[in-house]
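>>> Please find the sequence and the predicted model below.
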Amino acid sequence: MPETAASTTRAPDALLPSLTPLLHGWLPRQRWFAGKGRRVTGFTLDAATELLPLDGAGPGLLHLLVRVEQPGRPAGTPADCYQLLLGVRPQLPPRLAPALIGRIRQGPLAGRAVYEGLRDPRLAGLLYERLRAPGRIGPLNFHTTAALPPALAPRVLDAEQSNSSLVYGDSFILKIFRRVSPGANPDLELPLALAGAGCARVPAPVAWFETGAATLGVLQPYLRDSRDGWRLALDALADGREFTDEAFALGRATAEVHLALATALPTERLHRAQSRHLAAAMDARLHAAAQAVPALLPHVPGLRSVFAAAEDALGSGRLQRIHGDLHLGQTLRGSDGAWAVIDFEGEPAKPLDERRSPQPTVRDIAGMLRSFDYAARTHRPWNADWAARCRAAYCTGYAEASGTDPRDDPALLRAYETDKAVYEVVYEARHRPDWLPVPMAAIERLSSTS
Ligand SMILES: Nc1ncnc2c1ncn2[C@@H]1O[C@H](COP(=O)(O)OP(=O)(O)O)[C@@H](O)[C@H]1O
Ligand SMILES: O=P(O)(O)O[C@H]1O[C@H](CO)[C@@H](O[C@H]2O[C@H](CO)[C@@H](O)[C@H](O)[C@H]2O)[C@H](O)[C@H]1O
């Protein structure tokens, strides 16, 4: 059977018993598994699609949407759903040994090796061919905006990611979303809207696939000569260089993205009740964070007054779609010096509805200001003035391109910086405890000066 032939959808229940023991050992250990620290009690399959038959002599490719059952889920909320692409072969060649998940012990596929399909160039290549040929396979719908070149060699990107990415021939990058939720993923929705509005700051999606309910993957041009803003900032610090020109240009780029999003998608005027709601939500996030990370507790009164001050400042503003998790690691600078912005998914831990809701633009600006602080804090000796100059240059660039200087509303900026620092405290406590002092230093600063 040729590798581009139509494939089938198996009755999910037929496969699950053979896969369950393998998934138990493998899935919770993956970098992208969001339920770490909670027991896995079982799996259910939402869909199982054979993109290549599993029972042939060569490799098979199985696409799964798997729900992971874990205790402690709020009543009425569904278990988290993950996207898996599993290779299945009678024998695994030695070069694929590191990708092995385990061997099936029962049923008609007993004895076959199950492995990470994306690590197999043949299967990763097949996925690209599916994207090149729009259409439907079982529950999966494939779309393209343009004709794509055939047969580009794939490689897995080995970045520390919340999702998984494959680069094809240094021309395109395919991001496979791992935890999938019903609704359009903003990482497809916003770049498509920006491309439609003529904004060149974001690599425009050229193909994607989805189930009708959820976005599963997006293919975009790969900016091969670019470097990310975080690495560039750390290099500048290490070499004793300023980063203000870059920060200024980044401020301009952020403003261009915001203006284009406000043109392409609905905006709304903020009403009094919404301002109260936004300030109350910051307060609620602070309380939840202080439960999770008790080091925050002594700062709660000081931080609450920062949020209370924001309620008035929010009063007359507007809401629009924004990036939602903007930091230096989400920016790429090309060899021509132009900045691009990537990863419009928003903060990965937040529900999709919340990530897609219109927000004040200052939220993104505050995220980037925190990032300059992070960069300076990771450098010894700590260079607070370097960060202050970057932050000022970024705001100046933003003001020049948008006509609005974020520093004109200091109470608002401070509240959003505080909200971001609170988020970072929880993020670092969970994922990188060694980094916790970085946002905690910001918490001390923001809670004590009035
Ligand atoms: N269009 C692109 N061109 C070049 N590199 C990219 C592109 N998109 C993403 N990357 C690289 O892939 C990494 C992960 O992408 P990202 O969208 O941030 O994934 P995740 O949401 O899984 O963190 C980025 O840090 C960047 O280095
Ligand atoms: O890139 P992600 O969408 O996975 O974002 C998460 O991880 C980030 C760290 O990788 C985290 O960012 C924090 O650390 C950065 C330095 O590593 C710093 O530049 C950011 O300012 C800081 O917030 C991000 O918050 C988190 O959502």
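Great, that's in hand. Ligands and ions are numbered 1, 2, ... in the order given.
>>> so the closest residue to ligand 2 within the stretch 351-450 of the chain, which of the three states?
Evaluated by CB to the nearest ligand atom, the stretch 351-450 of the chain has residue 371 as its residue closest to ligand 2, separated by 3.4 Å. The C-beta positions use only the backbone N, C-alpha and C, and glycine is treated the same way. With DSSP: H, G, I helix; E, B strand; the rest coil as the basis, residue 371 sits in helix.
>>> Residue numbering should commence at 253 henceforth.
Taking 253 as the first residue, the last one we looked at is residue 623.
>>> If I look at residue 291, what pLDDT would I see?
pLDDT, residue 291: 93.
>>> list the contacts for it?
322, 323 (CB atoms under 8 Å, 6 or more residues apart in numbering).
>>> go on, residue 700?
Residue 700 touches residue 554, counting by CB under 8 Å, 6+ apart.
>>> wait, the residue of the stretch 603-702 of the chain closest to ligand 2 sits on residue 484?
No: counting by CB atoms under 8 Å, residue 623 stays clear of residue 484, with 11.7 Å between them.
>>> shared neighbours, those two?
With CB under 8 Å, 6+ apart, residue 623 and residue 484 have common neighbours residue 580.
>>> Just give me the neighbour total for the residue nearest to residue 414 when sequence neighbours are not counted.
Computed as CB to CB, 6 or more residues apart in numbering, the closest residue to residue 414 that is not its neighbour in sequence is residue 600, at 4.7 Å. As a burial measure, residue 600 scores 15 neighbours (other CB atoms under 10 Å).
>>> Can you check the pLDDT for residue 600?
Reading off the model, residue 600 has pLDDT 80.
>>> ok, now which ones touch it?
286, 414, 431, 577.
>>> Would you confirm that the third one contacts residue 279?
No: no contact is recorded between residue 431 and residue 279 when judged using CB under 8 Å, the distance being 11.4 Å.
>>> what residues are shared contacts of those two?
residue 334.
>>> all helices in the protein, in order from the N-terminus.
264-278, 373-384, 438-448, 481-490, 496-516, 524-544, 552-566, 604-607, 614-629, 636-654, 662-683, 689-700 (DSSP state H).
>>> could you dump the ones you listed to JSON lines with distance to residue 458?
Listed next are these as JSON lines, based on distance: least, CB to CB, whole Å:
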{"stretch": "helix 264-278", "distance to residue 458": "31"}
{"stretch": "helix 373-384", "distance to residue 458": "9"}
{"stretch": "helix 438-448", "distance to residue 458": "10"}
{"stretch": "helix 481-490", "distance to residue 458": "24"}
{"stretch": "helix 496-516", "distance to residue 458": "18"}
{"stretch": "helix 524-544", "distance to residue 458": "36"}
{"stretch": "helix 552-566", "distance to residue 458": "38"}
{"stretch": "helix 604-607", "distance to residue 458": "23"}
{"stretch": "helix 614-629", "distance to residue 458": "25"}
{"stretch": "helix 636-654", "distance to residue 458": "27"}
{"stretch": "helix 662-683", "distance to residue 458": "31"}
{"stretch": "helix 689-700", "distance to residue 458": "37"}
